[in-house]
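> okay, sequence plus prediction incoming.
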Amino acid sequence: MIHFFDNATLPVSRWRNGGGETREIVSFPPDSSEFSWRISIATIAADGAFSRFPGIDRVITLLEGEGVELKAGNRYTQLLRPRQPFAFAGEDEIEARLTSGVSTDFNVMTRRETHCAEVRVIADACSPAPQNAGVVYVLAGEWLTETQSLTRGQGVWWQAGAPSFAPISSGALLLLAEIAGR
């Protein structure tokens with residue numbers, strides 16, 4: 001079964017530190033205090049520390065904004081650029097610095113011991129692995145699933161039995177996050 005969402009109507013949760021907000025797409029299992037995997041869209045409005053999530057692997061993809069610099073102490077510095085997924089460990093102590101104003105990011109978090117994620121940008125028709133859970137989010141253009149069309153800012157998620165996706169406009173781009181069990 002697939003579940004439709006529109007970023008404009010997702011519930012908004014403000015961050016405790018006041019530096020942004022999150023729109024949760026899905027957290028699995030539902031109604032659990034400890035997720036196996038979670039996918040959301042966040043707005044970063046101010047420089048500051050990321051929340052730490054020990055035992056969680058994260059993949060962040062810049063959707064809007066000029067860039068965000070992530071700094072993990074003396075270990076690494078990564079400049080996030082639009083539509084380029086970046087993976088890091090949830091226990092990393094990350095400081096984020098906006099390079100040019102507010103940014104919007106697509107975030108995937110998986111519990112390391114039970115799940116893993118692959119996030120990529122798609123421009124052609126695709127059929128995600130049927131045994132995997134996942135989310136697609138339209139970055140540009142219009143896409144057709146087996147049941148409906150999707151435009152920028154819309155998407156679907158599923159637990160298993162992924163639908164197929166096909167672009168129906170030129171320049172269409174889709175962000176695909178596949179979640180596999182270990």
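Noted; the coordinates are in hand.
> give me phi/psi at the residue sitting furthest away from the middle of the chain?
If you look at how far each residue of the chain sits from its centre, by CA atoms, centre = their mean, the farthest one is Asn74, at 26.1 Å. The phi and psi values for Asn74, taken as degrees, to the nearest 10, are phi -90, psi 0.
> model confidence score at it, please.
We have a pLDDT of 90 for Asn74.
> helices and strands of the chain: which one has the lowest mean pLDDT?
Lowest on mean pLDDT, DSSP states H and E among the helices and strands of the chain sits strand 48-49, with a mean of 92.
> tell me the buried residues in the helix or strand just after that strand?
Under the assignment DSSP states H and E, the closest C-terminal helix or strand after strand 48-49 is strand 56-64. Of the residues in strand 56-64, those buried by neighbour count under the rule 16 or more other CB atoms under 10 Å are Ile56, Asp57, Arg58, Val59, Ile60, Thr61, Leu62, Leu63. For every residue, glycine as well, the C-beta is placed using N, CA and C.
> again with stretch 123-131
With the criterion 16+ other CB under 10 Å, stretch 123-131 contains buried residues Cys126, Pro128.
> over to stretch 135-149?
Val135, Val136, Tyr137, Val138, Leu139, Ala140, Gly141, Glu142, Trp143, Leu144, Thr145.
> nearest spatial neighbour of the last one, skipping sequence neighbours?
For Thr145, ignoring the flanking residues on the chain, the nearest one in space by CB to CB, 6 or more residues apart in numbering is Pro163 at 4.6 Å.
> next up, identify which helix or strand that neighbour is on.
When the helices and strands are read off by DSSP H and E, none of them contains Pro163.
> against which helices or strands is the least confident helix or strand of the chain packed?
Identification of packing neighbours for strand 48-49 by 3 or more CB pairs under 8 Å, 6 or more residues apart in numbering; DSSP states H and E yields strand 95-98.
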